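Asks: Following is a predicted model, sequence given first.
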Amino acid sequence: MIVTENLTKRYGAMTAVDDVSFVARAGAVTGFLGPNGAGKSTAMRMMTALTPPTSGRALVLGREYRDIPNPGRHVGVMLDASAQHVGRTGGEVLRLVAMQLGLGKDAVPAALARVGLSAKEADRRVRNYSLGMRQRLGLAGALLGDPQVLILDEPANGLDPQGIHWMRTLLRDFADRGGTVLLSSHLLHEVEIVADELVMIGNGRIVAQGSKAELLGSRGSIARSLDAPALAGALVAAGFEARPDRDAVHTAASTDEVGRAALASGVVLTELRAAGSDGLEEMFLQLTADHAREGDAR
């Protein structure tokens, strides 16, 4: 389990992470989402004692990371798959990690097999690895100590569709066996498939958190009409908030409530659906619209 309590990081006048509190529970995959620059990586660095918090704390398995004896045996971390010694072979990288963790020689071949890297690939220099292979090598290092917790920042970056499917299966199996997975990724569709819980941040603050079912099942409705302002007015008159967006109106009202309000006001609907039907991507774009960098489509 991972617990963050009022986790905050300031750099001078700039607040990178602002009072972030959430729980990533055992037996679940928690998606940690937000636009570029939202504070995800900084928060993960604080969880793993790479960056000291200004205030608040993060507990992993009930302790601060720096207080966990031989933490790699309990917590697998991959924050930057490119941060590997390019002059060493993949096998050498893992053998060094195994030595640090006090593991036997058999741990490295097992970890390589677990992430789909062959013995021949393990003998190649990391500088000759593709990005996808570096991701697999980084994940092998995270899994080497047979941890109870995984903290992963963009682990699917550079993987082909088959590799993404493989990683999704691996993480799902890890969680189903009682492990804790905290996963940051821009691949929203993949997060939507594998995650049980979602934590979304913008400008360093949490803008939404909860189970995937709760968040995606309670997003209200989207309606289109021949007269969007009139539809918005009808919803407001009925006691609901309504946000016009071009020819559509977003509202927290259910589809039944929108239909009744439109009928009572004589407004013709051309489309009416639950907002959650478009899934995580729509929710992400709506909640983080004020926090994304201009032109950032991810």
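Replies: Thanks, I have it.
Asks: can you pull the contacts of Arg159?
Replies: No Arg there; residue 159 is Leu. Listed by Cβ atoms under 8 Å, 6 or more residues apart in numbering, the contact partners of Leu159 are 132, 135, 166-167. For every residue, glycine as well, the C-beta is placed using N, CA and C.
Asks: hmm, which of the residues you listed are the buried ones?
Replies: Buried members of these, counted by 16 or more other Cβ atoms under 10 Å: 132, 135, 166-167.
Asks: quick revisit: rebuild the contacts of Leu159 as TSV, extending it with pLDDT, distance to Arg246 and secondary structure.
Replies: TSV is the format used below for those (pLDDT from 0 to 100; distance: Cβ to Cβ, whole Å; DSSP: H, G, I helix; E, B strand; the rest coil):
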residue	pLDDT	distance to Arg246	secondary structure
Gly132	89	39	helix
Gln135	91	39	helix
Trp166	90	40	helix
Met167	89	37	helix
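Asks: which one among those gets closest to Arg177?
Replies: Taking Cβ to Cβ as the measure, Arg177 sits nearest to Met167 out of those, at 15.9 Å.
Asks: Look up the closest residue to the closest one, ignoring the ones flanking it.
Replies: Counting by Cβ to Cβ, 6 or more residues apart in numbering, Ala156 is the residue found nearest to Met167 once chain neighbours are left out, at 5.4 Å.
Asks: Which element, helix or strand, includes that neighbour?
Replies: Element membership of Ala156 [criterion: DSSP states H and E] is none; it lies in no helix or strand.
Asks: Could I get the phi/psi values of it?
Replies: Phi and psi for Ala156, reported as degrees, to the nearest 10, are phi -90, psi 0.
Asks: Tell me the one of the contacts of Leu159 nearest Leu285?
Replies: Of all the contacts of Leu159, Leu285 sits closest to Met167, with 24.1 Å by Cβ to Cβ.
Asks: Check which residues of the least confident helix or strand in the chain by mean pLDDT are buried.
Replies: None of the helices or strands of the chain scores lower by mean pLDDT, DSSP states H and E than helix 279-288, at a mean of 73. Neighbour-count burial for helix 279-288, counted by 16+ other Cβ under 10 Å, picks out 279-280, 282-284, 286-288.
Asks: Can you tell me what sits against it?
Replies: The contact list for helix 279-288 (Cβ under 8 Å, 6+ apart) reads 33-35, 38, 188-189, 191-192, 198, 200, 202, 207-208, 212, 215-216, 219, 250, 275-276.
Asks: Okay, and which of these map to strands?
Replies: 33, 198, 200, 202, 207-208, 250 (DSSP state E).
Asks: Which member of those is positioned nearest Pro161?
Replies: Nearest to Pro161 out of these is Leu33 (Cβ to Cβ; 20.7 Å).
Asks: contacting residues for the residue nearest to that closest one when sequence neighbours are not counted?
Replies: For Leu33, the nearest residue in space outside its immediate sequence neighbours is Met200; the separation is 4.7 Å by Cβ to Cβ, 6+ apart. When the contact criterion is Cβ under 8 Å, 6+ apart, the partners of Met200 are 33-34, 206-209, 283-284, 287-288.
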